[in-house]
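Dropping the sequence and predicted coords here.
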Amino acid sequence: MNNRLREKARETNKRIHSLRSLRTAYTLLVLLILVSAGLITASVYIILYTLDFIPSAALTPLILPVIVIFSCMIIGTLLAVFVGKLFINPLRRLISANEEIRQGNFKVRMSEQTVIGELNNLMRSFNSMADELEATELFRNDFINSFSHEFKTPIVSIRGFARQLQKDNERHILTDEQRKEYTDIIAYESDRLARLSSNILTLTKFENQQIVTDKTEFYLDEQIRRTVLLLEKQWTAREINIDLELDEIKYNFNEEMLAQMWLNLIGNAIKFSHRGGTVRIRCRKKHEKICVDISDSGEGMSEEILHKIFDKFYQCDTSHKSEGNGLGLAIVKRIAELANAEITVKSEPGKGTTFTVKLPQSGE
Ligand code: ADP
């Protein structure tokens with residue numbers, strides 16, 4: 001049973017326990033009302049009797065119990081109406097708060113200061129449910145906004161330049177350079193769109209995946225070397241030195257998935273390095289773990305940025321927008337979760353960044 005299920009089971013147990021205490025509280029309350037009604041009736045009866053307010057006709061064995069029972073019923077009902085409000089009013093408020101939630105207002109909260117402890121627990125769990133729903137809603141809206149923005153920008157640009165070229169077909173208003181520039185932009189933006197779609201598909205696929213399939217045995221060092229070769233065009237264009245220190249390590253996992261993680265991390269190290277900088281990659285066994293360090297001597301990141309880099313669509317420097325879409329590290333994070341790996345980042349603005357991935361030895 002995973003942690004989430006265990007947590008749920010604990011929650012349910014707590015609720016059952018709280019339901020039992022609520023039932024006990026309710027039984028005690030009814031008993032209290034009955035005893036109070038009996039005592040009040042008896043006291044009123046004794047006072048009236050001592051003051052000679054009760055006619056002797058009412059003292060017959062037939063009438064007396066009827067009077068007492070009726071008095072008890074009236075007094076008990078009045079008491080129940082008063083005491084019941086303590087139970088009913090918070091529940092009524094809870095029902096209308098639930099209705100608000102149903103209509104999409106996730107800002108509604110209940111007071112946790114009722115006189116009955118169990119009701120406070122109920123209110124607390126309602127409030128935490130509303131907190132969760134509000135956070136999910138915010139996250140969803142944020143995601144949808146970023147998603148539509150990321151898709152819309154290249155499409156608008158492609159459409160604009162394609163229309164210019166269309167007009168040019170009829171009126172020949174563009175120079176050769178302009179025509180080349182516009183077609184270049186269209187090709188470039190289409191590439192960006194294609195990369196974005198493929199990243200979204202990859203992320204969605206990994207997010208919906210709970211178990212890792214297609215595990216095979218392969219050499220990690222070999223896989224990293226191949227990734228570096230794949231990125232050769234990028235690092236040679238920017239005269240970046242690659243420094244590899246890779247121990248020979250056999251690993252058992254989904255090869256394609258892990259390759260995607262190295263591609264994103266090494267790709268970033270190259271992308272965010274200064275021209276002529278160095279990217280250092282180390283892979284070794286350490287304390288029952290396999291440690292892969294990917295360091296660059298690039299621009300680095302502040303603490304504030306570090307907190308957000310694994311968020312979907314987050315990009316610190318939008319001038320790099322054409323080369324990325326802010327999904328690379330979200331994909332890395334998900335792969336690390338599926339691989340039971342730990343991922344840490346150390347970074348200093350102006351000095352560089354090191355991502356460390358600690359994989360479990362077995363590759364489970
Ligand atoms: P992108 O597509 O922009 O690379 P990522 O999800 O891969 O998206 O990274 C998110 C952001 O994290 C980047 O835009 C950048 O600001 C920051 N970042 C990631 N890796 C590095 C690095 N090695 N050095 C500096 N900043 C980095």
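Good, I have the coordinates.

Look at Val357 and give its secondary structure.
Following DSSP: H, G, I helix; E, B strand; the rest coil, the label given to Val357 is strand.

can you tell me which helix or strand the residue nearest to it when sequence neighbours are not counted belongs to?
Once flanking residues are discounted, Val357 sits nearest to Val292: 4.6 Å by CB to CB, 6 or more residues apart in numbering. (C-beta placed from N, C-alpha, C; glycine too.) Secondary structure here is read from DSSP states H and E; on that basis Val292 sits in strand 289-296.

thinking again about what came up before, please name the bridge partners of the residue nearest to Val357.
Legend: beta-bridge partners of Val292 under DSSP bridges are Cys283, Val357.

And Asp243, by the same measure?
Note on Asp243: beta-bridge partners by DSSP bridges are Arg280.

Let's see the pLDDT reported for it.
We have a pLDDT of 96 for Asp243.

Identify the residues contacting it.
Contact partners of Asp243, counting by CB atoms under 8 Å, 6 or more residues apart in numbering, are 278-281.

can those go into CSV with extra columns for neighbour count?
As requested, those are arranged in CSV below (neighbours: other CB atoms under 10 Å):
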residue, neighbour count
Thr278, 16
Val279, 24
Arg280, 17
Ile281, 23
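
which one of those is nearest the ligand?
Within the set of the contacts of Asp243, Val279 lies nearest the ligand; the separation is 9.0 Å, counting by CB to the nearest ligand atom.

Could you pull up the residues touching that closest one?
With CB under 8 Å, 6+ apart as the criterion, the residues that contact Val279 are 235, 240-243, 266, 269-270, 273, 294-297.

how near is the residue located most distally from the centre of the chain to Cys72?
In the chain, the residue that sits farthest from the middle, by CA atoms, centre = their mean, is Ser56; the gap is 76.5 Å. Counting by CB to CB, to the nearest Å, the separation of Ser56 from Cys72 is 22 Å.

same deal with His149?
For His149, the distance to Cys72 under the criterion CB to CB works out to 71 Å.

Can you list the buried residues in whichever strand or helix holds Ala97?
In this structure, Ala97 is located in helix 63-102 according to DSSP H and E. Applying a neighbour-count criterion of 16 or more other CB atoms under 10 Å, one finds 71-72, 75-76, 79, 87, 90, 94, 97, 101 buried in helix 63-102.

Going by distance to the ligand, which of these wins?
After measuring the buried residues of helix 63-102 against the ligand - CB to the nearest ligand atom - the closest member comes out as Ile101, at 33.6 Å.

picking that back up, need the pLDDT of the residue nearest to Val357.
Looking at Val292, its pLDDT reads 97.

and the ligand, which of the contacts of Val279 contact it?
The subset of the contacts of Val279 lying close to the ligand, counting by CB under 6 Å from any ligand atom, consists of 269, 296.

neighbours around the residue nearest to Val357, how many?
Residue crowding around Val292 was assessed by other CB atoms under 10 Å; the count is 25.

hang on, isn't it packed against Arg282?
Yes. Contact criterion CB atoms under 8 Å: Val292 and Arg282 qualify, at 7.1 Å.

was I right about Arg280 contacting Gly298?
No. If you go by CB under 8 Å, Arg280 and Gly298 don't touch, sitting 11.7 Å apart.

I'd like to know the phi and psi angles of the closest residue to the ligand within the stretch 1-150 of the chain, please.
Of the residues in the stretch 1-150 of the chain, the one nearest the ligand is Glu150, at a distance of 10.4 Å by CB to the nearest ligand atom. The phi and psi values for Glu150, taken as degrees, to the nearest 10, are phi -60, psi -30.

Give me the neighbour count for it.
If you count neighbours by other CB under 10 Å, Glu150 ends up with 21.

Just give the nearest non-adjacent residue to whichever residue of the chain sits closest to the ligand, would you?
Nearest residue of the chain to the ligand, counting by CB to the nearest ligand atom: Gly324, 2.1 Å away. Setting aside the residues directly before and after it, Gly324 is nearest to Gln315 in space (CB to CB, 6+ apart), at 6.3 Å.

The one you found: what secondary structure?
Assigned by three-state DSSP, the conformation of Gln315 is coil.

hang on, the earlier thing: contacts for the strand holding Val292 next, please.
Outside of strand 289-296, the residues that reach it under the criterion CB under 8 Å, 6+ apart are 220, 224, 249, 251, 262, 265-266, 268-270, 272-273, 277-285, 352-361.

Could you check that strand and say which residues are buried?
Of all the residues in strand 289-296, those buried under the rule 16+ other CB under 10 Å are 290-296.

Equivalent analysis for stretch 29-47, please.
Under the neighbour-count criterion of 16+ other CB under 10 Å, stretch 29-47 has 29, 33, 37, 40-41, 45 buried.

chain center to it, what's the gap?
For stretch 29-47, the distance from its own C-alpha centre to the chain's C-alpha centre is 55 Å (CA atoms, centre = their mean, to the nearest Å).

just stretch 337-353 next, same as before
Distance of stretch 337-353 from its chain centroid, counting by CA atoms, centre = their mean, is 21 Å.

do stretch 177-185 as well
On CA atoms, centre = their mean, the centre of stretch 177-185 falls 43 Å from that of its chain.

Kindly report the same for stretch 137-149.
From the chain centre to the centre of stretch 137-149 is a distance of 13 Å (CA atoms, centre = their mean).

Export only the CA atoms of it, formatted as CSV.
Taking C-alpha atoms only, stretch 137-149 is exported to CSV below (Å, rounded to 0.1, in the frame of the first residue of the first chain):
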residue,chain,number,x,y,z
GLU,A,137,-8.0,25.4,-9.4
LEU,A,138,-5.3,28.0,-9.2
PHE,A,139,-2.8,25.5,-10.6
ARG,A,140,-5.2,24.5,-13.4
ASN,A,141,-5.9,28.1,-14.4
ASP,A,142,-2.2,28.9,-14.4
PHE,A,143,-1.4,25.8,-16.5
ILE,A,144,-4.2,26.6,-19.0
ASN,A,145,-3.0,30.2,-19.3
SER,A,146,0.6,29.2,-19.8
PHE,A,147,-0.4,26.4,-22.2
SER,A,148,-2.6,28.7,-24.4
HIS,A,149,0.0,31.5,-24.3
